[in-house]
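> below is the sequence, then the predicted model.
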Amino acid sequence: MLTVEYQKLGLKPGELILDMGCGAGRHAFESFRRGGRVVALDTSDTELKNVAGLFVAMGQEGQTTKEGRASVVQASGLELPFVDDCFDRIIASEVLEHIPDDAAAVAELYRVLRPRGRIAVTVPRFYPELINWALSNQYHEVPGGHVRIYRKSEMIERLRSAGLRYLGHHYAHGLHSPYWWLKCYVGVNREDNKAVNSYKKFLEYEIIKNPNYLSYVRKIADPLMGKSIIFYAEKV
């Protein structure tokens with residue numbers, strides 16, 4: 001399930017786009033599908049091998065446009081191996097909350113974004129994340145886990161301090177917050193809780209089937225308790 005809204009990101013076929021901290025690759029795949037020239041970057045060799053394999057399969061199956069290109073790069077977000085002003089669009093989804101020096105990471109994203117280029121940054125929303133931390137230390141006190149909780153104003157200031165012009169924000173994944181509250185309450189590592197497993201099946205149904213009625217539910221749930229907040233900004 002995507003977090004970024006592509007109409008707000010403004011990606012056009014043939015544009016060069018960086019997915020920084022791509023993880024399993026959901027936004028990288030969608031960007032490739034839309035004809036972007038995608039660079040999927042992550043520190044995990046295992047994740048990147050899986051992403052590269054699916055890029056190949058998508059190309060073979062014709063799941064992109066003629067402009068679409070895709071590659072993977074293993075590197076740190078604190079030292080991006082790219083020249084200045086090279087990317088038309090950047091996505092950094094659910095990654096900054098893992099980086100101790102997040103200001104340096106945002107500065108690197110600014111450096112490689114071209115003038116008038118646009119960036120989408122997503123992080124966990126403040127109050128749903130605060131509830132998770134209150135319910136469970138195991139949720140965030142793990143290697144590579146979340147090191148901070150962002151207030152909306154704090155993230156906007158991060159973007160502006162780097163030189164980016166803040167354009168707006170929205171919320172996503174409102175149906176996912178109760179799942180994580182429940183999981184944190186019973187124990188994040190427990191696999192035998194019936195309520196958690198039932199809710200997980202519901203979320204899998206939401207993602208795979210995406211029935212129309214749930215789009216109306218999300219319109220209410222996302223602003224109220226969306227697990228993620230998505231910021232859009234432009235390099236001036």
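Okay, I see it. Numbers count the residues shown, from 1 in each chain.
> mind listing what's buried along stretch 69-84?
Within stretch 69-84, the residues that count as buried by 16 or more other C-beta atoms under 10 Å are 70, 72, 77, 80, 82. Yep, even glycine has a C-beta here, placed from its N, CA and C like the rest.
> same question for stretch 159-173.
By neighbour count on 16+ other C-beta under 10 Å, the buried set for stretch 159-173 is 159, 162, 164, 169-173.
> which other residues reach that stretch?
By C-beta atoms under 8 Å, 6 or more residues apart in numbering, the list of residues contacting stretch 159-173 from outside reads 1, 3, 5, 8, 103, 106-107, 109-110, 118-119, 121-122, 125, 152, 156, 222-223, 226-236.
> just the buried residues out of those, in ChimeraX syntax.
Restricted to buried positions by 16+ other C-beta under 10 Å, the ChimeraX selection for those reads:
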select :3,106,109,110,118,119,121,122,125,156,222,226,227,228,229,230,231,232,233,234,235
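> got the phi/psi numbers for the spatially most central residue of the chain?
Nearest to the centroid of the C-alpha atoms of the chain, with distances taken as C-alpha atoms, centre = their mean, sits residue 93, at 2.0 Å. With angles defined as degrees, to the nearest 10, residue 93 sits at phi -100, psi 120.
> same question, the one 5 residues further on
In this entry, residue 98 is assigned phi and psi values of phi -100, psi -10 (degrees, to the nearest 10).
> repeat for residue 65
Main-chain dihedrals, residue 65, degrees, to the nearest 10: phi -90, psi 180.
> after the helix or strand harbouring residue 56, which helix or strand is next?
Assessed by DSSP states H and E, residue 56 sits inside helix 45-60. Once the chain leaves helix 45-60, the next helix or strand it forms, by DSSP H and E, is strand 69-74.
> not counting its own residues, what contacts that next one?
With contact meaning C-beta under 8 Å, 6+ apart, strand 69-74 is reached by 22, 28, 32, 36-45, 48, 51-52, 55, 58-59, 64, 81.
> the residue nearest to the centre of the chain contacts residue 25, correct?
No - contact criterion C-beta atoms under 8 Å: residue 93 and residue 25 do not qualify, at 10.7 Å.
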